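*Asks:* I'd like to go over a predicted model; first the sequence, then the structure.
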Amino acid sequence: MSPLKSTTIGQPFRCVEERADDALVALDAPLVICANDPPWTPFWQSMSTRARAAVTVVDAWNMDLAHLAQRAVALAERDIVGASTVVGFGGGTALDTAKFIAWKLNRPLVQVPTITSVDAGFTDAIGIRDNGRVRYIGNIVPDKVVIDIDLIRSAPKRLNRAGIGDILSCHTGLFDWKLATDTGHGPAWDPALATLGATLLEELEAAADDVAAVTADGVRFLADAYRRIGAACAHAGHSRFEEGSEHFWAYAYEHATGAHPIHGEIIAFAVCALAHLQGNDAERARRIVATSRTRAHPQDLDISEEHFRSCLLGLTAYTRAEELDMTIADLRPITEAQTEAAWKFACTLPRHRDD
């Protein structure tokens, strides 16, 4: 990995650029590998015989807390608790499943993200769902995060372009945080965290062409940005600078509809819509989405106007019920006219359906 930028806060996870199969061979067997498929099966078939020895594969697809707990108990009963290492291999569900299993079984963790659509591999909190609601439980730090550039770049381009979401969210997150602190709510404003968020946005705008082309440098930028975000959140004890009304709207939408769109894509959509609601340079967010060729148009994500409106107009009730941080939804009334205008703006996002 390239050296960290000067705007690093806290201690980032240790990342190494190496081939994923080499990294797995170097680990002491047996292994528990929590994987998404694809890309697991083709990767598994291409691995050397030595790398394939003594591996138990957990199919990572269900983030419900009860399901994860059952898997951990089943592994323990089969004496998999003796496994040397738990490995996350895939996207967010695989990485968070691996976090949960390693945390419950008290085993070392290695993360191998195969796409850059979400920052789960670089954060210590474990994202799960409990009765359809997003929750963060426990904390675990991996021994290392393996960045296999070629493996990541072999994924469908949209799954890597979606990586802008958890960086672009600094745009709306910072606005909500400042609004909250100005009215005496939540964690105090931290100029260093605010500078980090602003810097990440500038770097994202500069890297948008590389993200669109999914170049090696584009992948490295996303991974390094995630490292800094994860380290800063762990250091501060909150994620206010990069999580606000855009994430909360997405949580409300997923809870209301049962849909699970690609995380970075729905966040990119929500940033554009909520930035318009905030009166917060929504055109900048739109420009970054367009240049990076990230899918965020509501039609491409199967988001209906009815669901958008109901979740936005009901966002205050949702955030209070879930005891989430204060945002514009809590501190300023959201009108029907604002909701309609935000929807119309989101519908001006470009369509990216080719890859």
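*Replies:* Yep, it's here.
*Asks:* Look up the closest residue to residue 84, ignoring the ones flanking it.
*Replies:* Using CB to CB, 6 or more residues apart in numbering and skipping the chain neighbours, the partner closest in space to residue 84 is residue 28 (4.0 Å). The way it works is simple: take the backbone N, C-alpha and C, and place the C-beta from them, glycine included.
*Asks:* Low-confidence regions, the stretch 1-150 of the chain specifically.
*Replies:* Applying pLDDT under 70 to the stretch 1-150 of the chain flags residues 1-2, 48-54, 79-83.
*Asks:* which residues of it fall in helices?
*Replies:* Secondary structure of the stretch 1-150 of the chain by DSSP state H, counting those that start in this stretch: the helices cover 20-26, 40-46, 65-77, 92-105, 149-153.
*Asks:* Same question for the stretch 251-355 of the chain.
*Replies:* Under DSSP H, counting those that start in this stretch, the stretch 251-355 of the chain gives helices at 263-278, 282-292, 305-313, 315-321, 328-331, 336-346.
*Asks:* most packed of those?
*Replies:* Highest mean neighbour count among the helices of the stretch 251-355 of the chain (mean count of other CB atoms under 10 Å): helix 263-278, with a mean of 28.
*Asks:* So which elements touch that one?
*Replies:* helix 165-168, helix 170-182, helix 245-257, helix 282-292, helix 305-313, helix 328-331, helix 336-346 (3 or more CB pairs under 8 Å, 6 or more residues apart in numbering; DSSP states H and E).
*Asks:* So which of these is nearest residue 203?
*Replies:* When the helices and strands packed on helix 263-278 are compared for distance to residue 203 using CB to CB, the nearest one is helix 165-168, at 8.3 Å.
*Asks:* neighbouring contacts of the closest one?
*Replies:* 117-119, 200-201, 204, 222, 225-226, 229, 242, 263-268, 271, 285, 288-289, 294 (CB atoms under 8 Å, 6 or more residues apart in numbering).
*Asks:* before we move on, the earlier item: next, format the helices of the stretch 251-355 of the chain as JSON lines and append mean pLDDT and distance to residue 148.
*Replies:* Converted to JSON lines, the helices of the stretch 251-355 of the chain look like this (pLDDT from 0 to 100; distance: least, CB to CB, whole Å):
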{"stretch": "helix 263-278", "mean pLDDT": "98", "distance to residue 148": "19"}
{"stretch": "helix 282-292", "mean pLDDT": "98", "distance to residue 148": "22"}
{"stretch": "helix 305-313", "mean pLDDT": "98", "distance to residue 148": "37"}
{"stretch": "helix 315-321", "mean pLDDT": "96", "distance to residue 148": "38"}
{"stretch": "helix 328-331", "mean pLDDT": "97", "distance to residue 148": "40"}
{"stretch": "helix 336-346", "mean pLDDT": "98", "distance to residue 148": "34"}
